[in-house]
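Student: Generate coordinates for the sequence data below:
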Amino acid sequence: MNSNPARKAILIVDDEKAYLDLMADMLTEYLGCPVFTFLHPEKALAALPNLNIGFVVTDYHMPQVNGLDFMRKVRSLVPDVPFVLISGNAIQFADREFAEDFAPRAILEKPFSWRRLADEIVLNAPEFGAARARPAGDPTTV
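Tutor: Below you'll find the model as predicted:
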């Protein structure tokens, strides 16, 4: 993990530890930025004031709170942070469920490649692409 405090970080919240660890390792290596992971949304929210977050990835189906409710809480602390919603189950949302400024930048269904997630992050927060650690073409799916 990069220890530069000025560097924006990625926050990932998912209740599957193996999934979290793999995504964090791959994104840290590929994008060269700090990645903070949490199994529990409430712990992520408690830590958020001490983290320099520039992007959020959250699972939709979690025991304590769903991904949209989590993002509403994050947005109250970090209003403009972009996010991607991930899910192991197919999810459909009506347009009315998203305020224009609240819609996720993407919804990814598991399994997806870590590279697809990295591409979504760079597409929606280009500053994360500027410091890529090295090119990676590993098609590993998470």
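Student: helix/strand/coil for the most centrally placed residue in the chain?
Tutor: Centroid-nearest residue in the chain: residue 57, 1.7 Å away (criterion: Cα atoms, centre = their mean). Judged by DSSP: H, G, I helix; E, B strand; the rest coil, the three-state class of residue 57 is strand.
Student: ok, it - contacts?
Tutor: Applying Cβ atoms under 8 Å, 6 or more residues apart in numbering, we find residue 57 in contact with 10-14, 23, 83-84, 86, 117, 121. The way it works is simple: take the backbone N, C-alpha and C, and place the C-beta from them, glycine included.
Student: looking at the sheet around it, what are its partners?
Tutor: residue 12, residue 84 (DSSP bridges).
Student: Test my guess that residue 129 contacts residue 32.
Tutor: No - the criterion here is Cβ atoms under 8 Å, and residue 129 misses it with residue 32 at 10.0 Å.
Student: quick one, which of these two is more surrounded?
Tutor: Comparing residue 129 with residue 32 by other Cβ atoms under 10 Å, the one with more neighbours is residue 32, at 17 against 14.
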